[in-house]
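> here is a sequence with its predicted model. Questions after.
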Amino acid sequence: MSGTCSIRISVVARVRASACVSGKVPAVAYTSIMGMGHLLTRGTDAVLVLCMTPVIVKTRTYTLKVVDRGKESPREAMIGGAARLLAERGLQETSFSEVLKLTGAPRGSIYHHFPEGKDQLVRHAVEAAGDRLRARLEQLRGRPAEEVAAGFLAMWRHLLVEADFRIGCSATAVTVATVSTDLLDSASNVFREWTDTLASLLTDGGIPADAAQGAATLLIAGSEGAVVLSRAQRAIDPFDAAARGLESHIRALAAS
C-alpha cells in the first residue's frame, strides 16, 4: 500500500529546526524529505520527524512518498538487525544469538543464509547500512553544496538525538574492533562509496571539482568523529560544534 501526503514546514536561517506531523499511514512504511526525515510507525499511526540545518528562510510544501516495504525475509531481518546491533553495541556484542533475539528470525536461518558464519553476516550488514545512507544521499542530488552538507550532517544528528546517543556508525564499529581483512575491506568500501557520492553531490552543487573529494573526506571524517564525541558525552553539543565548522568550510568553498 502506497500513497502521498503534503505538509508545510517553516524553517529559519542557520537555526536547527524540527517539524513533526502525525497521520494515518500504512503500518510498514518508510519515507524521507530530501534525505533528512524518517517516518516512524506504531501500528497505523505515524510521526514524521525532520531535523535539518536550513540555510535560508522559507516555507515549503513537501510531498511525502509513503512506500510499503512489505514483510522482510528472515535473511533481510537478520542483516538489518545485525546492522543495528553493530551501530548500537559494537562488533563483539553482535552475535547470532543477539541478532535472533532482536529480529525473531528462526534459528535455522543462521547457517542457511550465512554458511560462512558471523563474518558473513557482519559483512552484509555493513554493506546494507552503507547502501541505505548512500541512497539517502542521492536524494540530495541537485541541491546546492551547502544544503548537501547540511543534509548529510542532519542525518547523523537525527540518529543521535532519536536514539538518545546510543547508536553510531556500523562501519566505524567494525573498523575499530576487527582484525579481519575482509571486514576491514568491507568497511573501507563503504567509506569510499560515501566519499565518492558526497564528492559528486558537492561538485554538482557548486564546489570546484578539484576540491570536492577533499571536502567530502572532511565531511565523513568530521561527522564520524563528532558522532563518537557526542555518544561519549551523551550530548549533542560536540556534534553541533563540529557541524558548524564543517558547514562553514563548505560555504567558503562554494563561494570561492
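Arrived safely, thanks for sending. Everything quoted here is computed from the prediction, not taken from an experiment.

> can you map out the strands along this structure?
3-11, 17-24, 29-30, 37-42, 45-52, 58-68 (DSSP state E).

> need the least confident one among the ones you listed, by mean pLDDT.
With a mean of 30, strand 29-30 has the lowest mean pLDDT of the strands of the chain.

> center of this structure - which residue?
Most central in the chain under Cα atoms, centre = their mean is Leu133, positioned 4.6 Å from the mean C-alpha point.

> wait, doesn't it sit right on Phe191?
No: using Cβ atoms under 8 Å, Leu133 makes no contact with Phe191, being 10.6 Å away. All C-beta spots, glycine's among them, are computed from the backbone N, C-alpha and C.

> now the helices for the stretch 151-256 of the chain?
Taking DSSP state H, counting those that start in this stretch, the helices of the stretch 151-256 of the chain run over residues 170-175, 181-204, 209-233, 237-255.

> so which of these is the most surrounded?
helix 170-175 (a mean of 24; mean count of other Cβ atoms under 10 Å).

> touching it from outside, list them.
Residues outside helix 170-175 that contact it (Cβ atoms under 8 Å, 6 or more residues apart in numbering): 83-84, 86-87, 90-91, 122, 125-126, 129-130, 183-184, 186-188, 190-191, 224, 227-228.

> rerun at 6 Å
Contact with helix 170-175 is made by Ala83, Leu86, Ala87, Gly90, Leu91, Val126, Ala129, Leu183, Ala187, Val190, Glu224, as judged by Cβ atoms under 6 Å, 6 or more residues apart in numbering.

> which non-adjacent residue is nearest the fourth one?
Spatial nearest neighbour of Gly90, chain neighbours left out: Ala173 (5.0 Å); criterion: Cβ to Cβ, 6 or more residues apart in numbering.

> any idea how far Glu138 is from the one you found?
According to Cβ to Cβ, to the nearest Å, Ala173 stands 24 Å off from Glu138.

> again with Thr195
14 Å.

> likewise Arg157?
Look at Arg157 and Glu138: by Cβ to Cβ, they are 19 Å apart.
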